[in-house]
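> only geometry, no sequence info:
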């Protein structure tokens, strides 16, 4: 079982049924279900001048359809908000996946975002962890 020390708090990332791990350096997300690796997808995270926060999070809000209020009403399908305005969501800019391109959110191919969204709904936000590392 993986243990992470964040801000003096010991967190068991593997205690959740669904664990989505985002590696900012490789721009890749791996998803495990009940401790078994199931998916590995390219993502886009914060480009220069912006930040994707690291840490361990639980989903806070889920929206199948969402439009950014801050960035030109941009579509954010299958949004999973995990920290304030930061979310994992689908993006139609699929040619940018695999490299930093966002304002801080974690972008996925819309089909992959739908899969993750379905897992979080099925197992519940309380049984899901989002782990973001460099």
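Cool, got the structure. Just so we're clear, the structure is a prediction, and the values are computed from it rather than from any experiment. Residues are numbered from 1 along each chain as shown.

> any chance you could map the helices in the chain?
110-123 (DSSP state H).

> any idea where the strands of it begin and end?
All strands of the chain, identified by DSSP state E, fall at 3-6, 9-12, 18-23, 28-33, 36-42, 55-57, 61-63, 79-83, 86-90, 106-108, 128-133.

> Out of those strands, which is the most enclosed?
Greatest average neighbour count among the strands of the chain goes to strand 106-108 (a mean of 26), per mean count of other Cβ atoms under 10 Å. C-beta: built from backbone N, CA, C; applies to glycine.

> now for that one, which elements pack on it?
strand 86-90 (3 or more Cβ pairs under 8 Å, 6 or more residues apart in numbering; DSSP states H and E).

> Residue 41 and residue 108 touch, don't they?
Yes: with contact defined as Cβ atoms under 8 Å, residue 41 reaches residue 108; the gap is 5.9 Å.

> Make sure residue 67 is actually in contact with residue 76.
Yes: look at residue 67 against residue 76 with Cβ under 8 Å: they come within range, at 6.7 Å.

> which one of these two has more residues nearby?
More neighbours surround residue 76 than the other of residue 67 and residue 76, with 22 against 13 (other Cβ atoms under 10 Å).

> Just give the nearest non-adjacent residue to that one, would you?
residue 89 (4.0 Å; Cβ to Cβ, 6 or more residues apart in numbering).
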